[in-house]
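Asks: just coords:
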């Protein structure tokens, strides 16, 4: 198979075979740092999806019967290959997404950690038992794979988010069909190649590409048992409603409007660095990005001034092959234009643009610098809508109670952080803020692989979250067994056959 750099048509993986299909519809994959097309991606139709699902369905019985320790050994080998090709994977993420190399390396590392978690499947899949739960009756529970699982992943973490899903699903004995983002599918293809090299049997892992038509084919296919999704809130809600309506278990992580509360006693220098990293890391294209800074009391003016000085000094530029850049491009030119338009919206609604990140078009890169919008009100569009770009809104609140109220009014609930030296304020925030992932003096409170990604409200649809033990529960179903063996009661101890089995005769 050709190296990724030479691919003109992104292949699908179906039943262990790499196929270059080109249906009537297709899309373009760009390098955001150059604005150049680097590949074409097919938009698979229902028959292509059905073929991949059939391959997964056929492979499932044999894979489900494979001992958990042997499944884990394949993942250990996969982990070894990922670590061996760490820099290659990071460079690929940078090339198709635009992240800085440092950000891409962090993404690959987080993905590696999820594989490490999945390698513990033999322990994580153990059931429970209670002998003699009733006279002569023993009870036990066991976990069983659910069948064919599908993953629908976004462009903003083309390597990490697929690794949130399929290693755990596969470790639990399921087979998998991945539909990566059509905007950034190359990392997923490389992961598929490495899985094959690790010795995964054909059909256990499959890849299809496309847009809504491809997604719908997965959501309604009768042989798909479970669907994992990460993306925007409207699509997450659609995936959840459609998938569950067709009898599937679904976990759908949606968008966010993450709040960062800065108390008057916070360490201003450290807070500003954390806020900037949260708001402008990955060019703001992540569901855990800090997008609203809530400045409490007298800290507001010095905070905005310090943020403007820090963000204004960040080096923005193309990232492909470079390490001297603090922030790279956004994914597409039309996305750049959509995000930049919010600065005009801010002025129209009465807010103040403290830092305008719009840049002159020096080259074809999709570049947009950091922006800060001050004096935003909770009912303004900038405070209500997910921008998904390097724009930080500043809301001014008189007290911690007022800041908590800002969070209560948000329909989202992914993450939130507070910056303070006051233990009481931190405790109040921890217990009362309306979000599922909480940080104290932490800019991005995203959990590591061993803990679930616990979004709330319109940031998550489903019951069992991605990552952690909840992911094991999502990709398995429990079976409870009650056992009673009949004999002749106390007289059985005198039964010759029973004694023979005990070795007494």
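Replies: Received the coordinates, thanks. Being a predicted model, the structure only gives us computed values, none of them experimental.

Asks: per-residue confidence at the nearest residue to residue 414 once chain neighbours are set aside?
Replies: Excluding the flanking residues, the one nearest residue 414 by Cβ to Cβ, 6 or more residues apart in numbering is residue 256, at 3.5 Å. In this view, the C-beta of every residue, glycine as well, is placed from N, C-alpha and C. Residue 256 is assigned 96 on the pLDDT scale.

Asks: likewise residue 44?
Replies: Per the predicted model, pLDDT is 96 at residue 44.

Asks: one more: the one 4 residues further on?
Replies: pLDDT for residue 48: 95.

Asks: you'd agree it is up against residue 21?
Replies: Yes. Counting by Cβ atoms under 8 Å, residue 21 is a contact partner of residue 48 at 6.3 Å.

Asks: what sits against the residue nearest the centre of the chain?
Replies: In the chain, the centroid-proximal residue (Cα atoms, centre = their mean) is residue 161; its distance is 4.1 Å. By Cβ atoms under 8 Å, 6 or more residues apart in numbering, residue 161 lies in contact with 153-154, 230.

Asks: kindly provide the distance from it to residue 62.
Replies: Separation of residue 161 from residue 62 (Cβ to Cβ, to the nearest Å): 28 Å.

Asks: one more: residue 220?
Replies: 26 Å.

Asks: those two: which is more packed in?
Replies: A count of neighbours by other Cβ atoms under 10 Å puts residue 220 above the other of residue 220 and residue 62, at 16 against 12.

Asks: ok, residues contacting stretch 21-32?
Replies: 9-12, 36-45, 48, 95-98, 182-186, 210-211, 213, 320, 328-332, 365-366.

Asks: quick one: buried ones out of these?
Replies: Neighbour-count burial (16 or more other Cβ atoms under 10 Å) applied to those gives 10-12, 38-39, 41-45, 48, 95-98, 182-186, 210, 320, 328-332, 365-366.

Asks: quick one: low-confidence ranges for the protein?
Replies: 1-7, 362, 488-505 (pLDDT under 70).

Asks: and the helix of greatest length in it, what other elements does it pack with?
Replies: The longest helix of the chain (DSSP state H) is helix 46-65. Where contact means 3 or more Cβ pairs under 8 Å, 6 or more residues apart in numbering; DSSP states H and E, helix 46-65 is packed against strand 12-14, strand 137-145, strand 148-152, strand 175-179, strand 205-207, helix 212-220.

Asks: okay, the ones you listed in TSV with distance to residue 372 next?
Replies: Formatted as TSV, the helices and strands packed on helix 46-65 follow (distance: least, Cβ to Cβ, whole Å):
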stretch	distance to residue 372
strand 12-14	43
strand 137-145	48
strand 148-152	33
strand 175-179	36
strand 205-207	40
helix 212-220	35
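
Asks: ok, which of these comes nearest residue 428?
Replies: Nearest of the helices and strands packed on helix 46-65 to residue 428, taken as Cβ to Cβ: strand 148-152 at 37.5 Å.

Asks: angle of that closest one against helix 212-220?
Replies: Going by axes from the mean of the first three to the mean of the last three Cα atoms, to 10 degrees, strand 148-152 is angled at 150 degrees with respect to helix 212-220.

Asks: after the strand or helix carrying residue 228 comes which helix or strand?
Replies: In this assignment (DSSP states H and E), residue 228 forms part of strand 224-230. Sequence-wise, the next helix or strand downstream of strand 224-230 (DSSP H and E) is helix 233-245.

Asks: what are the buried residues along that next one?
Replies: Result for helix 233-245 [16+ other Cβ under 10 Å]: buried residues 233, 235-236, 238-240, 242-244.

Asks: quick check: of the residues you listed, which lies closest to residue 289?
Replies: Nearest to residue 289 among these, with distances taken as Cβ to Cβ, is residue 233, at 14.6 Å.

Asks: what's near enough to touch the closest residue to that closest one other than its chain neighbours?
Replies: Nearest non-adjacent residue to residue 233, counting by Cβ to Cβ, 6+ apart: residue 254, 3.6 Å away. Residue 254 makes contact with 231-237, 287, 412, 455, 458-461, according to Cβ under 8 Å, 6+ apart.

Asks: so how far is residue 82 from residue 254?
Replies: Residue 254 is 28 Å from residue 82, by Cβ to Cβ.

Asks: kindly report the same for residue 57.
Replies: From residue 57 to residue 82 the distance is 27 Å (Cβ to Cβ).

Asks: and residue 43, by the same measure?
Replies: Counting by Cβ to Cβ, the gap from residue 43 to residue 82 is 28 Å.

Asks: quickly find the element holding the residue nearest to the centre of the chain.
Replies: Residue 161 belongs to helix 160-171, assigned by DSSP H and E.

Asks: could you list the buried residues of that helix?
Replies: 160-171.

Asks: now that helix, how far from the centre of its chain.
Replies: Relative to the chain's own centre, helix 160-171 is displaced by 10 Å; criterion: Cα atoms, centre = their mean, to the nearest Å.

Asks: helix/strand/coil for residue 157?
Replies: With DSSP: H, G, I helix; E, B strand; the rest coil as the basis, residue 157 sits in coil.

Asks: my read: it touches residue 285, true?
Replies: No. Shown here, residue 157 and residue 285 do not form a contact pair, counting by Cβ under 8 Å, at 9.1 Å.

Asks: neighbour-wise, which of those two wins?
Replies: Shown here are residue 157 and residue 285; by other Cβ under 10 Å, residue 157 has more neighbours (28 against 24).

Asks: got the contact list for the more buried one?
Replies: So residue 157 contacts 107, 230, 286 (Cβ under 8 Å, 6+ apart).

Asks: got a winner among these for most neighbours?
Replies: In terms of neighbours by other Cβ under 10 Å, these top out with residue 230 at 28 neighbours.

Asks: what pairs with that one across the strands?
Replies: residue 253 (DSSP bridges).

Asks: tell me the contacts of it?
Replies: Counting by Cβ under 8 Å, 6+ apart, the residues that residue 230 touches are 152-154, 157, 161, 164, 236, 252-253, 287, 466.

Asks: can you put these in JSON lines and add distance to residue 347?
Replies: Shown next, in JSON lines, are those (distance: Cβ to Cβ, whole Å):
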{"residue": "152", "distance to residue 347": "37"}
{"residue": "153", "distance to residue 347": "36"}
{"residue": "154", "distance to residue 347": "30"}
{"residue": "157", "distance to residue 347": "32"}
{"residue": "161", "distance to residue 347": "35"}
{"residue": "164", "distance to residue 347": "38"}
{"residue": "236", "distance to residue 347": "31"}
{"residue": "252", "distance to residue 347": "35"}
{"residue": "253", "distance to residue 347": "33"}
{"residue": "287", "distance to residue 347": "27"}
{"residue": "466", "distance to residue 347": "38"}
